[in-house]
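>>> Predicted model and sequence follow; I will ask about them next.
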Number of protein chains: 2
Amino acid sequence: MIETPYLLFLGDAPDQLAAKVAQGIKDWRPENAVGQFRMEGCKADMGLTDMTLAEAKAAGAKTLVIGVANRGGIISQAWKKILVTALEEGFDLASGLHNLLRDEPDLVAVAEATGRKLHDVRIPSVKYPIANGIKRRGKRCLAVGTDCSVGKMYTALSMDAEMRERGMKSTFRATGQTGILITGDGVPLDAVIADFMAGSIEWLTPDNDDDHWDLIEGQGSLFHVSYSGVTMALVHGGQPDALIVCHEPTREHMRGLPGYQLPSLEAVRDMATTLARVANPAAEVVGYSINTQHMAEDEARAYLADIETRLGLPATDPFRFGAGKLVDALMTMS
Amino acid sequence: MIETPYLLFLGDAPDQLAAKVAQGIKDWRPENAVGQFRMEGCKADMGLTDMTLAEAKAAGAKTLVIGVANRGGIISQAWKKILVTALEEGFDLASGLHNLLRDEPDLVAVAEATGRKLHDVRIPSVKYPIANGIKRRGKRCLAVGTDCSVGKMYTALSMDAEMRERGMKSTFRATGQTGILITGDGVPLDAVIADFMAGSIEWLTPDNDDDHWDLIEGQGSLFHVSYSGVTMALVHGGQPDALIVCHEPTREHMRGLPGYQLPSLEAVRDMATTLARVANPAAEVVGYSINTQHMAEDEARAYLADIETRLGLPATDPFRFGAGKLVDALMTMS
């Protein structure tokens, strides 16, 4: 659990895209960010107040979050100076970089001396149990994809936001590093030991109020041969009541697998439903979330209408047209 | 890779069952065991020559394999004395115990001083790649189960033995600790990091002769919610051409999951086939391996005959009636 609120470290980001993590925090948990810290030459801007470490501390910030991926994913000497000072001034540090904070002896030494924490969100910090399959109270929704990187995190976050707005009880449950930094908590599922994958998701989505929804961030795809085991653990550990099938229609092959075609929406629907019912006999697909960023608006609307006709369930692009339809579908299940 | 042949350490085993690992080596790779080492009070006996460390060394043994699980899975002081002497006399050590050899400072110190190796087969020793899904040459057969512990390792080992006897090219590919100790090599899949599971199985079953069969040891079950992600990685990383469905008919619920019924053979056949075809469109179930140890012989024969009629494929108990039918089925695919 990372202490909030954050000061977002944008470093010397070469462009806005490099600050994807900071952008996610700003978009989805603005209340978690008191300001931004930019070095000279930084080309990213979250539109937050620029603060010195001292100003951020005075404004209540507890953790400096590295909101940027630099070239090579390494922690440069220029960054180091600021990170060391932040520790000395009482901040914890949090990072999703491949170059772990804990692998930098100077950061470790200063963190120990000052009693501050180094959060490397790529690495599990919990000893997860083996899954026991016992039915938990409360409701759960899982985003499953035809492929990797088709908008599963965005879908879950936007549904969570819409549900909060409607006064429903919901919690976004992060299973990847960006999601964990956004919310301050979660399971870095791709780094969990095989035997404990499903158990980590049970741990992440415990008993809750009968009318509470966990919106579980999906990972991989049941049809992506590199990562399907991770997806399977989500389907069985998450015990979802509702499944949202996510898709990006213009992709020509599975991400990173040139020889592999994407499965049809029907194939994902049928496979995910059958597998999910092993853990939760009530599980069903309730809607489709389509990433239409590479389509013109009329083309996108026609595509969504066609899915609704063909598959008989609501379909939307939550980024473009809102997540309302998907939340409506959950409401009929509560 | 563990150096063979072995001296099998039976320690102070309280009974024969405690020496399951040694029994597996004796049954399946007798050529890997030059003898057995028993302490005073040992109640297990593999029927091998009892040897001192010096005698085993003279007979060519390279590695002392801990072939027994003691109470609590720990390495006792009584064992320690022998293990230290073995290192000093030039043996490597290999173990599948929870209590790792590498966590014992005295063993580590002596191993370093003598230049010997400590093999903890529960822990991966290789940096596995992420699966790339590229089709590999050679043929592969994977045992999939209705549940955990229904005889998947036994099925693969007995098919491998039958194929060698027939002069076919085959390799048993171990994915669990017992299998790894039996053959000296393999992937401890349940301990692999999630993202690398399927890649570790690709690594384990590389390109091979067109008429060579890998017999891949299965793990878990697609229908066991605690471990299904591990099974999925085998189905997609293994690219099996042939699937053998394994089952134990008297089990009343899924192992460790009292609320979960076993799936039907048909459900496992259909699910495994559909998923396997993502990685290998030619994949098919070719037979059933039934563990009939809790059935009388006539009952077992009737059960197998019923499956053959119902499902139209060969069914056998390889322990009781041999693996011939299953190998016949593979031969029709070569």
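Received, thanks.
>>> Which residue is the nearest non-sequential neighbour of the most centrally placed residue in chain A?
Compute the mean C-alpha point of chain A, and by CA atoms, centre = their mean the closest residue is residue A:179, 2.9 Å away. Closest residue to residue A:179 apart from its sequence neighbours, by CB to CB, 6 or more residues apart in numbering or on different chains: residue A:217 at 4.9 Å. (C-beta placed from N, C-alpha, C; glycine too.)
>>> which SS state does the residue of chain A most remote from its centre fall under?
Distance from the C-alpha centroid of chain A, by CA atoms, centre = their mean, peaks at residue A:113 (32.5 Å). Taken by DSSP: H, G, I helix; E, B strand; the rest coil, the conformation at residue A:113 corresponds to helix.
>>> Distance check, it against residue A:107.
Distance from residue A:113 to residue A:107, counting by CB to CB, to the nearest Å: 11 Å.
>>> Give the residues shared as contacts by these two.
Shared contacts of residue A:113 and residue A:107, defined by CB atoms under 8 Å, 6 or more residues apart in numbering or on different chains, are absent.
>>> got the residues of the stretch 101-250 of chain A near chain B?
A:130-135, A:189-195, A:197-199, A:222-223, A:225-233, A:236-237 (CB under 8 Å from any CB of the partner chain).
>>> again, 7 Å this time
Contact residues (CB under 7 Å from any CB of the partner chain) of the stretch 101-250 of chain A with chain B: A:130-131, A:133-134, A:189-195, A:197-199, A:223, A:225-230, A:232-233, A:236.
>>> Look up which helix or strand the closest residue to residue A:129 other than its chain neighbours falls in, please.
What sits nearest to residue A:129 in space, not counting adjacent residues and going by CB to CB, 6+ apart, is residue A:199, at 4.3 Å. Residue A:199 belongs to helix A:197-204 when assigned by DSSP states H and E.
>>> Give the rounded mean pLDDT of that helix.
In this model, helix A:197-204 has a mean pLDDT of 98.
>>> who touches residue A:9 in this structure?
By CB atoms under 7 Å, 6 or more residues apart in numbering or on different chains, the contact set of residue A:9 is A:37, A:64, A:65, A:66, A:67, A:68.
>>> Relative to chain B, how far out is the fifth one?
Think residue A:67. Taking CB to the nearest CB, to the nearest Å as the measure, residue A:67 falls 23 Å from chain B.
>>> Kindly tell me how buried the closest residue to that residue other than its chain neighbours is, as a neighbour count.
In space, and not counting its chain neighbours, residue A:67 is closest to residue A:22: 2.7 Å by CB to CB, 6+ apart. By other CB atoms under 10 Å in any protein chain shown, 28 other residues sit near residue A:22.
>>> from memory residue A:22 sits against residue A:68, does it?
Yes - counting by CB atoms under 7 Å, residue A:68 is a contact partner of residue A:22 at 6.4 Å.
>>> Please enumerate the shared neighbours of the two.
With contacts taken as CB under 7 Å, 6+ apart, residue A:22 and residue A:68 have residue A:10 as neighbours in common.
>>> Let me see the contact set for the residue nearest to residue A:179.
A:143, A:152, A:153, A:156, A:173, A:174, A:175, A:176, A:179.
>>> let's see 6 Å
Shown in contact with residue A:217 (CB atoms under 6 Å, 6 or more residues apart in numbering or on different chains): A:153, A:156, A:174, A:175, A:179.
>>> By neighbours, which of the residues you listed wins?
Going by other CB under 10 Å, residue A:156 tops those with 30 neighbours.
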